[in-house]
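Trainee: Model the structure of this input:
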Amino acid sequence: MKTEIDPKIVKKLREETGAGMMNCKKALAENDGNYEKAVESLKLKGMVTADKKANRNTNEGMIYSYIHTGNKLGIMVEVNCETDFVARRQEFNELAKNIAMQIASNPEIEVVSYSDISESIKQKLWNFESIKEDLQNKPEQIRNKIVEGRVEKSLKKQVLLEQEYIRDPNLTVNDYIKQVISILGENIRITRFVRFVLGETDK
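Mentor: Got it, this is the predicted structure:
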């Protein structure tokens, strides 16, 4: 049975830890509403430190290039941080490499975050899903709910930060980045990436 999460408890957890509202709600749900365990879970995943630093400027960093085995696939990714000192840290370089490998592992990844997906693409996908035959005899409210779920699932496959992290399936890529933020003590942002596939050209 799914545990009901009291919004007041979510608010309290957010105020105590500084973690984002959705992260707090998720932590409580994963720990059956246990407040203390939720706090520990957020700390363990680095959410507390990371969410507090999310609005800091990231003007330093690096452009990391990765060539996949066989020399037929290459990735360039820009990873930003707050200072040149952190940009030189081994942990930061490892993060850049792991992110590049993550992108190389999944050709469906097209953008860094949901905010990078245009409204026109979302609308096009909504239109595509809404005319599917299996939905035509359902009430409008139910049909819209199903379409919304399918669109979200489809878009999620394209978003880097939402992917299951290749080195730890218990984390998303976003969770992994927040763990590194908690270690290095600076905000880190994946700004952009380019994928090069041998023989492919822009149309």
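
Trainee: hang on, Trp126 is in a strand, isn't it?
Mentor: No: counting by DSSP: H, G, I helix; E, B strand; the rest coil, Trp126 is not found in a strand; it is helix.

Trainee: mind checking pLDDT for the residue with the largest distance to the centre of the chain?
Mentor: Going by C-alpha atoms, centre = their mean, the residue of the chain most distant from its centre is Asn137, 35.3 Å out. Predicted confidence (pLDDT) for Asn137: 79.

Trainee: and it, how far is that from Arg143?
Mentor: Asn137 sits at a distance of 9 Å from Arg143 (criterion: C-beta to C-beta, to the nearest Å). Yep, even glycine has a C-beta here, placed from its N, CA and C like the rest.

Trainee: Same question for stretch 165-178: list its buried residues.
Mentor: Buried residues in stretch 165-178, counted by 16 or more other C-beta atoms under 10 Å: Tyr165, Leu171, Thr172, Val173, Asn174, Asp175, Tyr176, Ile177, Lys178.

Trainee: If we only consider those, which is nearest to Ile63?
Mentor: Comparing the buried residues of stretch 165-178 against Ile63 with C-beta to C-beta places Ile177 closest, at 16.8 Å.

Trainee: pretty sure that closest one contacts Glu186?
Mentor: No: counting by C-beta atoms under 8 Å, Ile177 sits too far from Glu186 to count as a contact (11.6 Å).
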